[in-house]
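Asker: After the sequence you'll find the predicted model.
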Amino acid sequence: MFFKGFSRRRLAKIAAWSALGISASTAGAARQPAASAPNFRGGNPAAFPKDFLWGTATSSYQIEGAVNEDGRGLSIWDRFVHLPGKIIDRSTADVANDHYHRYKEDVQLIRELGAKAYRFSIAWPRVFPEGGGTPNAKGLDFYSRLIDELLANGIEPFATLYHWDLPQALQDRYGGWRSRDTAKAFADYAGYVTARISDRVKHIFTINECARLVQAGFGTGLDAPGLNLPQKEINQVRHHVALGHGLAVQAVRAHGRAGTKVGPAENVEVCIPAIETPANIRAAEIAARELNAGYLTVILEGKYTEAFLAYAGANAPSFTADDLKTISSPIDFVGINVYMPNQYVVAAEDGSPFRLLPFAPTYPHMDSNWLRIGPEAMYWGPRHVAKLWNVQSIYITENGTSAADQVTADGKVYDIDRIMYLRNYLSHLARATSEGLPIKGYFLWSLMDNFEWSDGYEKRFGLYHVNFETQRRTPKLSASFYREVIKRNAVV
Ligand code: PNW
C-alpha cells in the first residue's frame, strides 16, 4: 500500500500540514506563499467601526467621598455601610477615592488613556438632600465643573442619574422604591438635572442595573437598603423602578435641549446558546426575552410577558395600563452592562421553549466569585437586544473585571489576568460589530479601583491602581493595553 513505511504519527502530521496548504515536501524547508496560508499582516478581523466610542465608567458613591460636604444629604448607602457586618472589610465610602476633590487629576487619567467618553453618575442626595423640595445648588455645581473639565479635555460626558445612592430621606418617608412616590420624586430630580446639564451632556442614562438593585437591595439584603422582602413585594419594587425609569425618560424629554438622548443602563441577563445551532440560538433568544421580562422586556414591549405573569402568579406586581405606557416611553438607545454569561441555553426536548443548563462546579471565574468568565456574553448580550426588540443603538455601559492586583517592587502592576479577560471579551465585541450589530460605544468598568459595595476595597476593578491610604493612582498594565486598543481601534 502507498503509505507503507509511514508511521501513523507522520501521516497525521502530513494531514495537518495539508490543511494549512503546506505540502510535506515544503514544510520545514523554505515555504512557498500559498493562497490558504495564514496572513499575519493583512486583514484585521478585530477592528471596530470608524466612529466607535471608547470610554470608561465610574459611579458617584464608589469614588467621590466628601459625604458631608457642600450640603450633600445622606444616602441609603451612607446608612448601610455604617451598619455592622455589611461590608466585608468594614470599610466605608466616606472618603473612597476622594474624587470630589481630585476630579481634575482623575480627568487627566481618562485623557491619558485616549478615551473619548466618560460615564459617571450624579448623586441624587447632593442635588436634593431631602430627595425633593429645595435643591442644593452646590451639589449640581460639582457636576457642572466636572462636565466642563471633561469637555475641556475632549472627553464626552455620559451621565447616569441613579447609581444606587438613594436619598435616605426617601427611604424614611416612603420606604424608597417600595413606593411609587419615589418613582415620581426620581422624575422631578431627573427633570431638574437635565434642564441644567443638557446644554453640555447629550447622553443620559436613567437607572443603573435595576436587576441588581432590586435583587440585592430588597431580596438578599446584600446591598442597601438591606431588606429581605417576600417575592410579591420584590416584584412590586421592580415595577416601581421600571416606572421610575419611564417617568424619568419623559422628564428628560420635557426638560432637555433638542437632541438629548436617553436610555437605561441595565445588566441584561445574558443567555448564550451552549452550542450554536439554529434551534439553540432560538431557544436562547426566547430565554433572553423571558429572563429580562421584569425590566428590559417591559420597557421595550410595553407589557409583561404572559410567561412572566403566569410564573409570578399571585406574586405578580400590581400595575395599570397607564404604568405600562409610561414604562415603555420611547428611548434613544439601550445601555447594557455585560460581565458574564448568566445562562447557557439549549433547545428543550420536552416541548418547553428553552432549557437552562446548570453551571459545572469547575466553571471558571475571576477574582470576584460571581464573575464567571464567558467572553461570548459580549456577543450574545447585544445580539439578543438588537434582534428581539429591533434596537438601533446600543452602548456597552460597563464591562471589566476584578483582579488581585499588586504593586510590584518596580512600582508597576502586571494585571495580565485583566488583560486576558478584556482581550477575550473585546474579541467577541468585534465579532458583534463586524456582523453589523448597532453597538456605538464601550465603557470599561472601571477607570480606577474604587469602593466595590459590600466587597469594600477588597475587589479592584480599575485600570488605575489606587492606594487608598495615599490616594496615589498608578496605571496598571491593562491601562497600556486599553490605550493601545483605543489608538488602533482594534483588539490588540
Ligand atoms: C456592577 N452580578 O455591579 C455595578 O454597576 C458597579 O457599580 C459595580 O462596581 C460593578 O458592576 C462591579 O461589580 C454588578 O452579580 C455586580 O451579576 C454584580 C453583578 C453584576 C453587576
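Answerer: Ah, there it is.
Asker: for the closest residue to the ligand within the chain, what are its contacts?
Answerer: Of the residues in the chain, the one nearest the ligand is residue 370, at a distance of 4.0 Å by C-beta to the nearest ligand atom. For the C-beta atoms, the positions are set from N, CA and C on the backbone; glycine is no exception. Listed by C-beta atoms under 8 Å, 6 or more residues apart in numbering, the contact partners of residue 370 are residue 340.
Asker: which SS class is residue 276?
Answerer: Using DSSP: H, G, I helix; E, B strand; the rest coil, the structure places residue 276 in coil.
Asker: and it, how many neighbours?
Answerer: 11 (other C-beta atoms under 10 Å).
Asker: Repeat that for residue 167.
Answerer: Around residue 167 there are 28 residues (other C-beta under 10 Å).
Asker: do the same with residue 257
Answerer: Neighbour tally, residue 257, other C-beta under 10 Å: 13.
Asker: For it, which non-adjacent residue is spatially closest?
Answerer: Closest residue to residue 257 apart from its sequence neighbours, by C-beta to C-beta, 6 or more residues apart in numbering: residue 198 at 4.5 Å.
Asker: who are the neighbours of the helix or strand hosting residue 235, in terms of helices and strands?
Answerer: Taking DSSP states H and E as the criterion, residue 235 maps to helix 231-255. Here helix 231-255 touches helix 180-197, strand 203-208, helix 210-214, strand 261-266, helix 298-301, helix 321-327, going by 3 or more C-beta pairs under 8 Å, 6 or more residues apart in numbering; DSSP states H and E.
Asker: Give me the distance from it to the chain's centre.
Answerer: How far helix 231-255 lies from its chain's middle: 19 Å, per C-alpha atoms, centre = their mean, to the nearest Å.
Asker: average pLDDT across stretch 445-465?
Answerer: Averaged over stretch 445-465, pLDDT sits at 98.
Asker: meant to ask about stretch 383-391, not that
Answerer: pLDDT averaged over stretch 383-391 gives 98.
Asker: Same question for it: list its buried residues.
Answerer: By neighbour count on 16 or more other C-beta atoms under 10 Å, the buried set for stretch 383-391 is 383-386, 388-389, 391.
Asker: same thing with stretch 478-492?
Answerer: When burial is assessed from 16+ other C-beta under 10 Å, stretch 478-492 yields the following buried residues: 478-479, 481-483, 485-486, 489-492.
Asker: and stretch 66-83, C-alpha only, in CSV?
Answerer: C-alpha atoms of stretch 66-83 as CSV (Å, rounded to 0.1, in the frame of the first residue of the first chain):
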residue,chain,number,x,y,z
ALA,A,66,-16.9,64.1,50.7
VAL,A,67,-20.1,62.7,52.0
ASN,A,68,-20.7,65.6,54.4
GLU,A,69,-19.6,68.4,52.1
ASP,A,70,-21.4,71.3,50.4
GLY,A,71,-24.8,70.4,51.7
ARG,A,72,-25.0,66.8,50.5
GLY,A,73,-27.8,64.8,52.2
LEU,A,74,-27.5,61.2,53.5
SER,A,75,-27.9,58.3,51.1
ILE,A,76,-29.1,54.8,51.9
TRP,A,77,-25.6,53.6,51.3
ASP,A,78,-24.2,56.0,53.9
ARG,A,79,-26.5,54.5,56.4
PHE,A,80,-25.9,50.9,55.2
VAL,A,81,-22.1,51.0,55.3
HIS,A,82,-22.1,52.0,59.0
LEU,A,83,-24.2,49.0,60.0
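Asker: what about that stretch, near the ligand?
Answerer: No. On the criterion C-beta under 6 Å from any ligand atom, stretch 66-83 is out of touch with the ligand, staying 11.0 Å away.
Asker: pLDDT of that stretch, averaged?
Answerer: 98.
Asker: Report the distance from that stretch to the chain centre.
Answerer: For stretch 66-83, the gap between its own C-alpha mean and the chain's C-alpha mean amounts to 24 Å (C-alpha atoms, centre = their mean).
Asker: Now do the buried residues in that stretch.
Answerer: Those would be 66-67, 72-81, for stretch 66-83 by 16+ other C-beta under 10 Å.
Asker: Give me the pLDDT value at the residue of the chain closest to the ligand.
Answerer: For residue 370, the pLDDT comes out at 98.
Asker: just to revisit the earlier point, adding distance to residue 90 and secondary structure as columns, could you present the buried residues of stretch 66-83 in JSON lines?
Answerer: Converted to JSON lines, the buried residues of stretch 66-83 look like this (distance: C-beta to C-beta, whole Å; DSSP: H, G, I helix; E, B strand; the rest coil):
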{"residue": "66", "distance to residue 90": "21", "secondary structure": "coil"}
{"residue": "67", "distance to residue 90": "17", "secondary structure": "coil"}
{"residue": "72", "distance to residue 90": "23", "secondary structure": "coil"}
{"residue": "73", "distance to residue 90": "24", "secondary structure": "coil"}
{"residue": "74", "distance to residue 90": "19", "secondary structure": "coil"}
{"residue": "75", "distance to residue 90": "19", "secondary structure": "strand"}
{"residue": "76", "distance to residue 90": "19", "secondary structure": "helix"}
{"residue": "77", "distance to residue 90": "15", "secondary structure": "helix"}
{"residue": "78", "distance to residue 90": "15", "secondary structure": "helix"}
{"residue": "79", "distance to residue 90": "15", "secondary structure": "helix"}
{"residue": "80", "distance to residue 90": "13", "secondary structure": "helix"}
{"residue": "81", "distance to residue 90": "9", "secondary structure": "helix"}
